[in-house]
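**Student:** Predicted model and sequence below, questions to follow.
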Amino acid sequence: MEPQTFRVTRADLVRYAGASGDFNPIHWSDRVATGVGLPGVIAHGMFTMALVGRAVTAWAGAPDAVVEFSVRFSRPVPVPDTDEGTEVVVTATVKDSADDGLTKLALTATCQGEKVLSLAQAVIRKR
Amino acid sequence: MPLDQSFQGRSWPATEPYLVGREKIREFARAIGAADPEYHDPEAARALGYADVVAPPTFPVTITMSASRQIIEDPELGLDYSRVVHGDQKFAYTRPVVAGDALVCVNSVDEITSRGGHDFITTRTEVTTESGEQVVTVWSKLVQRGGEA
């Protein structure tokens, strides 16, 4: 399936914090983020998963075609305070397609060439 | 300090119903850049068979994260939230969340483990409507990183 690329900026993290209610300061304050040993502000894991979810929904064709969706957060996504921010690239390969109409997708998400998720997969149902 | 093992296997009373608002779904969809009409336009959503605007797949975590505070903020558990990172996340859907749903969460602790100086807690939240219709099951694994000392 065609890889999908998502741009992520600080403004996106602020908007996601408000919409999701996750106001952990490591997602908006460099001071707090570096204070706990991070390189700087990082994206919410659930924001990254939401972007992967957009790709999965697009591949599945509809939000109600997603049956299962799971990820492991293996590496943070640092988001620099620039207009460009960073990019997350999402790929999927079909793992297996069973007779019951369910298809398992193995997913990857990379940022700056590094995998930020492991054990990421979705089960989708063709509508 | 290790987490209190006695939390493993426990379940908590159902939370107060969370009323899913149309504007909240639109706000969440905008925040993740999901522009498809079924997230924003009730007519478009109904034409696709949904009762109202439909929530993107990760939306339920906004409800379950808040609901699971009844576990993770319990001082008896011994979780230091400043050392917590998100480990794993899983959703198993019966149907998508739509605007107008009144959702109730029942939290359980599936597993508490320790490995390499880190502590792990997996919570499971069964999300149903007020009348008991199953909507989605949400698992979150949190990692409490070991102290530097």
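**Tutor:** Cool, got the structure. Residues are numbered from 1 along each chain as shown, chains lettered A, B, ... in the order given.

**Student:** Confirm for me that residue B:80 is in contact with residue B:145.
**Tutor:** No: contact criterion CB atoms under 8 Å: residue B:80 and residue B:145 do not qualify, at 9.2 Å. Bear in mind the C-beta positions are built from the backbone N, C-alpha and C, glycine included.

**Student:** who's more crowded, these two?
**Tutor:** Between residue B:80 and residue B:145, counted using other CB atoms under 10 Å in any protein chain shown, residue B:145 has the larger neighbour count: 16 against 12.

**Student:** So the more buried one versus residue B:115, what's the distance?
**Tutor:** 12 Å (CB to CB, to the nearest Å).

**Student:** cool, and residue A:20?
**Tutor:** Relative to residue B:115, and taking CB to CB, residue A:20 is found at 29 Å.

**Student:** for residue A:122, same thing?
**Tutor:** 27 Å.

**Student:** ok, now which ones touch the residue lying closest to residue A:21 once chain neighbours are set aside?
**Tutor:** Spatial nearest neighbour of residue A:21, chain neighbours left out: residue B:62 (5.8 Å); criterion: CB to CB, 6 or more residues apart in numbering or on different chains. Each residue near residue B:62 by CB atoms under 8 Å, 6 or more residues apart in numbering or on different chains is listed here: A:19, A:20, A:21, B:24, B:28.

**Student:** If we ignore the residues flanking it in sequence, what's nearest the last one?
**Tutor:** Setting aside the residues directly before and after it, residue B:28 is nearest to residue A:19 in space (CB to CB, 6+ apart), at 4.7 Å.

**Student:** Near chain A, which residues of chain B are found?
**Tutor:** Residues of chain B found near chain A (CB under 8 Å from any CB of the partner chain) are B:24, B:27-28, B:30-34, B:36, B:38-39, B:48-50, B:54-58, B:61-62, B:65-66, B:82, B:85-93, B:95-96, B:139.

**Student:** neighbours around the nearest residue to residue B:21 once chain neighbours are set aside, how many?
**Tutor:** In space, and not counting its chain neighbours, residue B:21 is closest to residue B:99: 6.4 Å by CB to CB, 6+ apart. Residue B:99 is flanked by 21 other residues according to other CB under 10 Å.

**Student:** Quick one: check stretch A:56-63 for contact with chain B.
**Tutor:** Yes: using CB under 8 Å from any CB, stretch A:56-63 reaches chain B at A:56, A:57, A:62, A:63.
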